[in-house]
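>>> Show me the folded form of this:
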Amino acid sequence: AALTFSVLVLANSLLHAQRREQQLELMLHSLRSRLARCAEQSDASAVLKSTDPMKAAVCPPCSCAQQQSSPPPPPVLCERTRGEGGAPSLYVHTAASLQGRAGQWVMMTYATGGVREMLANWVRHIQRLKTPLLVAAMDAAVISQCTSERFDCLDWAHTSVSGDSQYVRGDFSGFRSLGVRKLDALLAILRLRIHVVISDVDCVWSADPAPLVRGELAGYKAFKHADVLVATDCMDVDADFRTSCFGELTDKNTGAVAVRATPNGIATMAEWRIRLAVAQRDEQDQTTFMDLIDGNGRGHRWGMEPQQRREWKAFAHAWCELSSSGRPLSRGIASVSSPALGLAGTRQIFDVCLPNVSQAVKIGVFPIAFVSGGHTFFVQQLQTPSAAWPYAVHATYQFGDMNDYPFGKRQRFRDWGMWLVDDPAEMITSSKYLVLEDDEPLAPVRPWVGFQDLHARGRQHVEHLTRLRGRIARGVALARVLNRTVVLPKMYCYCDKFWHRLEACAIPSATGAQPLPFVCPMDHVLDPALWHGTMLRRAARPRPGMLPARADGDHTEGMPYRGARWLDQIGDYPAVSASTARLEVADPNQSSSPFKTPASLLAATRSAVPPAASVASHVFEPGKLGPTVRLPAGMHDAALRRELEPYAYASLLRVSLSDAGKLLGCLEQQADAASLQKLVQSIFTHSWCYRPQEMTTAWSAVERRGKPRRGDEPWCVWGFETPAVPGGCA
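You can find the predicted model right below:
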């Protein structure tokens with residue numbers, strides 16, 4: 001056994017040596033080629049020298065430039081040349097090849113092949129900023145991606161595990177393992193004295209954070225001295241402004257962390273890595289980080305008995321040279337540092353004692369207006385009343401992801417124009433659309449009356465969404481019989497969607513900055529994953545995350561859709577955005593149109609001859625984008641298709657939710673009606689308990705007697721029932 005082990009070790013060493021030799025050979029070949037080309041050029045301007053340290057962060061200095069045909073390499077760590085024959089130059093790095101860049105900043109993330117599209121989105125946003133990036137490539141799939149898409153990565157594939165090809169979700173052990181690998185890669189870069197802003201791959205950056213983390217912005221001068229800057233889950237705007245929410249019970253969020261390559265910064269990351277490696281059960285990177293900066297011991301949550309925790313607390317206070325009362329914060333062992341730095345009027349940073357690590361790690365918290373979480377951006381939407389777009393948005397506090405794809409995260413980014421990797425041919429130009437428009441006025445939120453009626457707002461929310469979901473379902477039925485991709489309307493909510501109790505229908509820490517009602521994300525009303533079909537159907541498609549190609553396919557395929565904000569993002573495609581017609585229910589009392597569309601014009605523009613006994617009227621009102629088609633209510637599906645066939649060319653067929661619910665009366669084929677029912681039952685599945693934070697005596701008594709059955713809890717307002725849609729014709 002010992003001999004076998006020795007042979008394996010030797011083989012592994014030889015393999016790594018061979019890989020290093022191959023990499024060196026490629027680098028030398030590229031260098032010789034560039035030197036030869038430079039020797040042939042007499043123009044000194046052909047030599048590019050980066051003067052911006054942020055753009056020369058972790059790659060060798062670039063030499064001569066070569067004119068390239070399309071497309072040029074994206075701006076990453078430095079401008080690169082192409083090798084002989086147009087082959088891309090080497091984008092895969094080892095830690096050793098990144099030496100010589102001490103003191104510079106780099107944007108970093110980590111990824112496996114299971115999040116390929118999310119990684120591409122992260123990269124494209126960073127490339128827009130023209131700032132250096134580095135991806136810790138955790139498997140061969142990402143190494144291949146960074147080579148083909150031409151961005152710099154750190155080869156960390158030697159840590160690859162079998163599950164890397166899947167999206168890591170709900171697997172605490174797998175997520176912890178990935179977190180350890182992330183921190184190992186981060187430490188390798190920090191030990192080269194390179195400063196790092198590391199973020200999760202589901203984080204979108206819209207501005208370069210370098211001026212912020214360097215302390216160059218007014219009001220944030222203290223950040224220059226921080227060893228670590230971290231994002232936060234804080235939702236309270238006032239608390240964030242006053243105290244950075246540092247001592248609040250709200251967690252910091254490790255989805256975005258800036259680390260200086262100082263001894264304290266490196267030591268903090270190293271200790272975090274150890275704690276994550278020994279974590280148990282449901283612990284993950286964020287919980288272990290919180291235990292670290294709170295001054296708790298390793299394994300605090302599951303690995304220590306109460307007596308051990310008490311002993312650790314006594315040790316920590318002694319090690320940090322504190323009295324038994326500690327410093328005046330509700331959690332952690334910290335004191336405000338910025339006044340001691342002589343920086344009045346700046347956002348605070350804190351001297352944090354990490355027992356056995358350092359007595360004074362300088363830690364700051366990113367402001368929520370600069371680095372927004374999923375709740376402050378997608379739900380509270382603080383960027384709307386402030387008109388201040390954040391530097392970064394992290395897709396947290398969301399729903400709708402599945403083990404095979406992050407459907408919910410992607411939909412939120414799509415809705416706000418932050419998903420850059422869609423293929424326009426797939427998402428814009430290849431389909432015809434039925435655009436649903438909500439034409440009902442929005443009622444004001446009901447007053448909060450507390451214990452007089454704790455469920456008042458919960459009932460309003462469920463009643464409103466039950467009606468809205470029903471109207472959308474009838475719109476989906478119309479889109480299905482016309483084989484059109486449905487464009488969902490803007491949706492409003494009167495309650496937040498949260499895993500715990502709500503205060504006045506908002507998350508308790510967000511009540512002061514949560515508008516009600518608010519334009520809510522799709523996943524608060526409809527589960528985006530379900531619209532992509534069953535797991536088997538999704539797996540059979542060419543690429544993970546794809547929607548079904550047709551609206552009238554088998555019900556297990558799901559339903560193709562677009563979010564409401566999609567219409568704001570197709571302006572570059574006038575052949576789609578301006579090819580529009582409106583569908584209405586004919587009203588016999590309606591006044592005649594000021595402009596009757598000439599029959600000759602209709603004949604020239606329609607894609608089919610209208611039926612001989614047409615019941616449609618075609619009108620055009622000056623100022624409208626396109627014609628209006630008016631039809632009687634209650635038609636069957638075949639008749640609707642016949643009447644609308646002349647407008648098959650129209651990319652956008654717009655209809656109000658009210659008219660969509662009236663136009664389709666029934667389906668001729670019973671099998672089609674049954675399939676529609678199954679589709680609606682599948683894609684409208686959504687069960688949620690909306691419960692107030694306050695508990696009455698009566699409810700507490702119910703809870704003490706034993707947990708009631710699901711649906712019978714007196715502290716819940718439950719939603720939602722499956723909407724009704726037209727059935728088969730009698």
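
>>> only C-alpha atoms for contact and neighbour calcs from this point on.
OK.

>>> Quick check: Ser614 vs Glu703, distance?
63 Å (C-alpha to C-alpha, to the nearest Å).

>>> and if you look at Ala673?
To Glu703, Ala673 is 43 Å away according to C-alpha to C-alpha.

>>> Please identify which of the two sits among more neighbours.
Ala673 (19 against 14; other C-alpha atoms under 10 Å).

>>> how about the more buried one, secondary structure?
With DSSP: H, G, I helix; E, B strand; the rest coil as the basis, Ala673 sits in helix.

>>> cool, and the one 3 residues further on?
When classified by three-state DSSP, Leu676 comes out as helix.

>>> just Ile363 next, same as before
Classification of Ile363 using three-state DSSP returns strand.

>>> Local confidence estimate at it?
Ile363 carries a pLDDT score of 96 in this model.

>>> Trp312 and Gly299 touch, don't they?
No. When contacts are counted by C-alpha atoms under 8 Å, Trp312 is not listed as touching Gly299 (11.2 Å).

>>> For Ser682, what are phi and psi?
phi -80, psi -50 (degrees, to the nearest 10).

>>> pLDDT score for it?
pLDDT for Ser682: 97.

>>> ok, it - contacts?
By C-alpha atoms under 8 Å, 6 or more residues apart in numbering, the contact list for Ser682 reads Leu530.

>>> please redo it, this time with the cut-off set to 10 Å
Asp527, Leu530, Trp531, Gly533, Thr534, His555, Thr556, Gly558, Leu676, Thr722 (C-alpha atoms under 10 Å, 6 or more residues apart in numbering).

>>> Considering the residues you listed, which is situated nearest to Asp240?
Among the contacts of Ser682, Asp527 lies closest to Asp240 (C-alpha to C-alpha), at 31.6 Å.

>>> Could you verify that that closest one is part of a strand?
No. Using three-state DSSP, the assignment for Asp527 is coil, not a strand.

>>> burial count for it?
20.

>>> now it, nearest residue through space, not along the chain?
Gly400 (5.4 Å; C-alpha to C-alpha, 6 or more residues apart in numbering).

>>> Isn't that neighbour up against Asp523?
Yes. Using C-alpha atoms under 10 Å, Gly400 is in contact with Asp523, at 6.1 Å.

>>> Need the overlap of contacts for the two.
With C-alpha under 10 Å, 6+ apart, Gly400 and Asp523 have common neighbours Phe407, Gly408, Lys409, Gln411, Ala529.

>>> and the two most separated of the residues you listed?
Lys409 and Ala529 (10.4 Å).

>>> which residues are common contacts for the two?
Common neighbours of Lys409 and Ala529 (C-alpha under 10 Å, 6+ apart) are Phe399, Gly400, Asp401, Asp523.

>>> Tell me who's in contact with the last one.
Neighbouring residues of Asp523 by C-alpha under 10 Å, 6+ apart: Gln398, Phe399, Gly400, Asp401, Phe407, Gly408, Lys409, Gln411, Arg412, Lys497, Ala529, His686.

>>> Output the residues you listed in JSON lines, with secondary structure and pLDDT appended to each entry.
Output for the contacts of Asp523, formatted as JSON lines (DSSP: H, G, I helix; E, B strand; the rest coil; pLDDT from 0 to 100):
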{"residue": "Gln398", "secondary structure": "coil", "pLDDT": "93"}
{"residue": "Phe399", "secondary structure": "coil", "pLDDT": "95"}
{"residue": "Gly400", "secondary structure": "coil", "pLDDT": "94"}
{"residue": "Asp401", "secondary structure": "coil", "pLDDT": "93"}
{"residue": "Phe407", "secondary structure": "helix", "pLDDT": "96"}
{"residue": "Gly408", "secondary structure": "helix", "pLDDT": "96"}
{"residue": "Lys409", "secondary structure": "helix", "pLDDT": "97"}
{"residue": "Gln411", "secondary structure": "helix", "pLDDT": "97"}
{"residue": "Arg412", "secondary structure": "helix", "pLDDT": "97"}
{"residue": "Lys497", "secondary structure": "coil", "pLDDT": "96"}
{"residue": "Ala529", "secondary structure": "coil", "pLDDT": "97"}
{"residue": "His686", "secondary structure": "coil", "pLDDT": "95"}
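
>>> which residues in the stretch 401-550 of the chain form strands?
433-437, 485-487, 492-493, 518-519 (DSSP state E, counting those that start in this stretch).

>>> Can you list the low-confidence ranges for the stretch 201-350 of the chain?
Counting by pLDDT under 70, the stretch 201-350 of the chain shows low-confidence ranges at 322-331.

>>> for the chain, same thing?
In the predicted model of the chain, residues 1-89, 164, 168-170, 322-331, 591-599, 601-611 satisfy pLDDT under 70.

>>> For the closest residue to Ser244 other than its chain neighbours, list each beta-bridge partner.
Spatially, and ignoring its direct neighbours in sequence, Ser244 is nearest to Val365 (6.1 Å; C-alpha to C-alpha, 6+ apart). Using DSSP bridges, the bridge partners assigned to Val365 are Val230.

>>> number of nearby residues for Val365?
Val365 has 26 nearby residues by other C-alpha under 10 Å.

>>> Cross-check the contact I'm expecting between it and Val259.
No. Using C-alpha under 10 Å, Val365 is not in contact with Val259; the gap is 11.9 Å.

>>> Overlap of the contact sets of those two?
Ala226, Val228, Leu229, Val230.

>>> Tell me, how many residues neighbour Ser688?
In this structure residue 688 is Trp, not Ser. 17.

>>> cool, Gly571 as well?
Neighbour tally, Gly571, other C-alpha under 10 Å: 12.

>>> which residue sits closest to it, ignoring its sequence neighbours?
Ser577 (6.5 Å).

>>> For the one you found, give me its contacts.
Ile428, Thr429, Leu567, Asp568, Gln569, Ile570, Gly571, Leu625, Ala650, Ser651, Leu652.

>>> before we move on, the earlier item: take the contacts of Ser682 and write them to TSV, including distance to Arg128.
Converted to TSV, the contacts of Ser682 look like this (distance: C-alpha to C-alpha, whole Å):
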residue	distance to Arg128
Asp527	31
Leu530	33
Trp531	32
Gly533	34
Thr534	36
His555	40
Thr556	39
Gly558	34
Leu676	44
Thr722	43
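
>>> between those residues, which is nearest Gln693?
Once C-alpha to C-alpha is applied, the member of these that ends up nearest Gln693 is Asp527, at 25.1 Å.

>>> could you measure the closest one against Thr685, distance?
Counting by C-alpha to C-alpha, the gap from Asp527 to Thr685 is 7 Å.

>>> residue ranges of the helices in the stretch 451-600 of the chain, please?
456-481, 535-539, 574-577, 599-605 (DSSP state H, counting those that start in this stretch).

>>> Those helices into JSON lines, with extra columns for distance to Met108?
Shown next, in JSON lines, are these (distance: least, C-alpha to C-alpha, whole Å):
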{"stretch": "helix 456-481", "distance to Met108": "41"}
{"stretch": "helix 535-539", "distance to Met108": "30"}
{"stretch": "helix 574-577", "distance to Met108": "37"}
{"stretch": "helix 599-605", "distance to Met108": "53"}
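
>>> so which of the ones you listed comes closest to Asp184?
helix 535-539 (32.8 Å).

>>> Now do the buried residues in the closest one.
Neighbour-count burial for helix 535-539 flags Arg538 (criterion: 16 or more other C-alpha atoms under 10 Å).

>>> Run through who's touching that helix.
Under the contact criterion C-alpha under 10 Å, 6+ apart, helix 535-539 has outside partners 402-405, 529, 532-533, 544-548, 554, 556-558.
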